[in-house]
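> Coordinates for the following, if possible.
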Amino acid sequence: MKLEQIYTGCLAQGAYYIESNGEAAVIDPLRETQPYLDRAAKGNAKIKYVFETHFHADFVSGHVDLAKESGADIVFGPNAAPDFKAIIAKDEQEFKVGNLTIKVLHTPGHTMESSCFLLIDEDGNNKAIFTGDTLFIGDVGRPDLAQKSDITMEDLAGFLYNSLRTKIMTLPDDLTVYPAHGAGSACGKNMSKETFDTLGHQKEVNYALRANMSKEEFVKEVTDGLLPPPAYFPLNVMMNKNGYDSITEVIKRGTQSLSPEAFEAAANETGALILDTRAPQTFAAGFVPNSINIGIDGGFAPWVGALIPDIKQQLLIVADEGREEEVVTRLARVGYDHAIGFLAGGYNAWQSAGKETDSIVSITADELAVAMQNDSSTLVIDVRKPGEYSAEHIADVDNLPLDFINDNMASVPKDRPVYVHCAGGYRSMIYTSILKARGYNNLIDVKGGYKTIKDSGKFELTDFVCSSKK
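Prediction:
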């Protein structure tokens, strides 16, 4: 038996490859299919099934393309109704993969079709359970994504309580739990950085699995403190349910090489958004006017999904040379299939062609301290998440989280300097670039973010809750 967790850090997503006696199964694959086909070819195995734990909201799964390319059957649990050919399994239905058995456990709660897959070895022993978004390490799936007029968040949380206690917590403690996500995913609120664990240990440390927890307590704790889901979540659900363009076609379309002249013409003629994926400080030094910076070496795909509201928005890419296909692929993972080309030669080619450029002023924490000492009315905004801000922040500085930039934009003045910081400089550059493209020309980025601010020792810091000086 071969079992491999294929973890993608930028999405905090776990897919799984299982192989036995010439047959293989893939659970919750990413959209690019070649890595799974290569694994099967290496083991001289045929992919027999593609198992989907549910209709994912935070990424576009590769189930449709992988089934076409491998000849595998797609398997969902009860209640799923996809617009393509698939096996809709019954609760406790079993599937053979070589000498192994994969048993479907219907576990509604995160969504109504959510199911877990129990792996049973050739001797009939329960070895592992693939829990999708039903059970995470340290958390459980959020119950607010599949609300309908007749099913509330509280209803879903109640279903989840029952699923955990009747289908999962009754299984052996030595069973390995393999979830679909880890820390950083918006599908839960308290996930561990660990990507697997034993069920027994989770019963000891996971707040949602407390033995003496009532359903009422569970519903309250699981629904408390949930932030609104990113706007692209329901759009990804529909793509996973209805199908999508081939990833090969998406990459071909998005990796068209455009000269500076052709790039400029495409921007003017199509209204495409210019997405610059270089490092924040590289971007700040010079960029194509009206570009938005979301660096590829960060939480790229989730931030694209959170901040570009139209999933069908045409995109023109500025990237480090050689990384253009990577950018297009990672956009496609979250359903942004409409990249129409990239700037050949990158920003250097644009600059060499004598095209108009723009830049963003970026200063150090020490320079910010001087500015604040010289002018007590200096305006600084902290664009970290509310929890980060609450833990500690510069005294008398407002929190305007990047996540809600469209809601808080009106709070930012255009007629005076505004200093912007996040935790390390990644999000503040995204924030500043978005507002810059919308006519805010007095924004100043603080490079290195809150870490350098705190390390400098030159600021009065405070705790939001107790307002104690630090």
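> where's Asn406 relative to Tyr431, distance?
Applying C-beta to C-beta, to the nearest Å, the value for Asn406 to Tyr431 is 11 Å. The way it works is simple: take the backbone N, C-alpha and C, and place the C-beta from them, glycine included.
> Compare neighbour counts for those two and give me the winner.
It is Tyr431, of Asn406 and Tyr431, that has more neighbours when counted by other C-beta atoms under 10 Å, with 27 against 11.
> Pretty sure that one sits against Cys422.
Yes. Using C-beta atoms under 8 Å, Tyr431 is in contact with Cys422, at 7.4 Å.
> Mutual contacts of those two, please.
Overlap between the neighbourhoods of Tyr431 and Cys422 consists of Val383, Leu402, taking contacts as C-beta atoms under 8 Å, 6 or more residues apart in numbering.
> Give me the phi and psi angles of the residue of the chain positioned farthest from its centre.
Among residues of the chain, the one most distant from the C-alpha centroid is Asn374; the distance is 40.9 Å, by C-alpha atoms, centre = their mean. Here is the backbone geometry of Asn374 (degrees, to the nearest 10): phi -80, psi -20.
> Tell me the predicted confidence for it.
At Asn374, the pLDDT value in this model is 93.
> ok, now the one 10 residues further on?
Per-residue confidence for Arg384 comes out at a pLDDT of 97.
> list the contacts for it?
Residues near Arg384 by C-beta under 8 Å, 6+ apart: His393, Asn399, Pro401, Leu402, Cys422, Ala423, Arg427, Tyr450.
> Give me the neighbour count for the third one.
With neighbours defined by other C-beta under 10 Å, the count for Pro401 comes to 21.
> where are the low-confidence patches of the chain?
Low-confidence regions of the chain, defined here as pLDDT under 70, cover residues 464-470.
> what about 80?
The model of the chain has pLDDT under 80 over residues 189-190, 464-470.
> From the recorded domain assignment, give the ranges for it.
According to automatic domain parsing, the chain is divided into the following domains: 2-234, 245-352, 361-462.
> ends of the second one, how far apart?
The first and last residues of domain 245-352 sit 36 Å apart, counting by C-alpha to C-alpha, to the nearest Å.
> The first one now?
Its start and end residues considered, domain 2-234 measures 34 Å (C-alpha to C-alpha).
> just how off-centre is that domain within its chain?
How far domain 2-234 lies from its chain's middle: 16 Å, per C-alpha atoms, centre = their mean, to the nearest Å.
> Then stretch 378-387?
Taking the mean of its C-alpha atoms, stretch 378-387 sits 22 Å from the chain's own mean (C-alpha atoms, centre = their mean).
> Can you classify Thr282 as helix, strand or coil?
Following DSSP: H, G, I helix; E, B strand; the rest coil, we place Thr282 in the helix state.
> what's the distance between Ala180 and Lys103?
For Ala180, the distance to Lys103 (C-beta to C-beta) stands at 18 Å.
> Tell me which of these two has more neighbours.
Neighbours per residue, other C-beta under 10 Å: of Ala180 and Lys103, the larger number sits with Ala180, 28 against 17.
> looking at it, the more buried one is touching Leu11, isn't it?
No. Ala180 lies out of contact with Leu11 (C-beta under 8 Å); the separation is 10.0 Å.
> Distance check, Glu32 against Asn374.
Glu32 sits 52 Å away from Asn374 when distances are taken as C-beta to C-beta.
> Ok, Ser149 next?
Taking C-beta to C-beta as the measure, Ser149 falls 57 Å from Asn374.
> now Phe218
Applying C-beta to C-beta, one obtains 53 Å for the distance of Phe218 from Asn374.
> Output the contacting helices and strands for the helix or strand where Phe130 lies.
Mapping Phe130 onto the secondary structure by DSSP states H and E places it in strand 126-132. Where contact means 3 or more C-beta pairs under 8 Å, 6 or more residues apart in numbering; DSSP states H and E, strand 126-132 is packed against strand 115-120, strand 176-179.
> now the angle from it to strand 115-120?
160 degrees (axes from the mean of the first three to the mean of the last three C-alpha atoms, to 10 degrees).
> who's in contact with Asn44?
For Asn44, the contact set (C-beta under 8 Å, 6+ apart) comprises Gly22.
> Against Lys68, how distant is it?
In this structure, Asn44 lies at 21 Å from Lys68, with C-beta to C-beta as the measure.
> Out of the helices and strands packed on strand 126-132, which is closest to Ser246?
When these are ranked by distance to Ser246, counting by C-beta to C-beta, first place goes to strand 115-120 at 26.4 Å.
> Need the CA coordinates for that closest one. CSV is fine.
The C-alpha coordinates for strand 115-120 follow below in CSV (Å, rounded to 0.1, in the frame of the first residue of the first chain):
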residue,chain,number,x,y,z
SER,A,115,-18.5,12.8,3.4
CYS,A,116,-15.4,11.2,4.9
PHE,A,117,-13.6,8.3,3.4
LEU,A,118,-12.4,5.5,5.7
LEU,A,119,-9.4,3.5,4.5
ILE,A,120,-9.4,-0.2,5.4
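> what's in contact with that strand?
The set of residues that contact strand 115-120 without belonging to it, under C-beta under 8 Å, 6+ apart, is 3, 18, 27, 51, 53-54, 76-78, 89, 94, 100-107, 126-132, 134-135, 167-168, 171.
> With stretch 347-364 instead?
By C-beta under 8 Å, 6+ apart, the residues outside stretch 347-364 that reach it are 259-261, 263-264, 276, 278, 281, 283-291, 318, 343, 345, 371, 419, 429, 432-433, 436, 443-448, 452.
> Filter those residues down to the ones in helices?
With helices defined by DSSP state H, the entries of the contacts of stretch 347-364 inside them are 260-261, 263-264, 281, 283-285, 371, 429, 432-433, 436, 452.
> Among those residues, name the buried ones.
For the ones in helices among the contacts of stretch 347-364, burial is judged from neighbour counts taken by 16 or more other C-beta atoms under 10 Å, and it is met by Pro260, Phe263, Glu264, Phe283, Ala284, Met429, Thr432, Ser433, Lys436, Thr452.
> Now for those residues: which two are most distant?
Pairwise distances among those were taken by C-beta to C-beta; the largest, 36.3 Å, belongs to Glu264 and Thr452.
> Kindly provide the distance from Leu160 to Thr198.
Applying C-beta to C-beta to Leu160 and Thr198 gives a distance of 21 Å.
> the helices in the stretch 51-200 of the chain, which residues?
Counting by DSSP state H, counting those that start in this stretch, residue ranges of the helices within the stretch 51-200 of the chain are 63-70, 153-163, 199-205.
> so which of the ones you listed gets nearest Ala410?
Ala410 sits nearest to helix 153-163 of all the helices of the stretch 51-200 of the chain, at 29.3 Å, using C-beta to C-beta.
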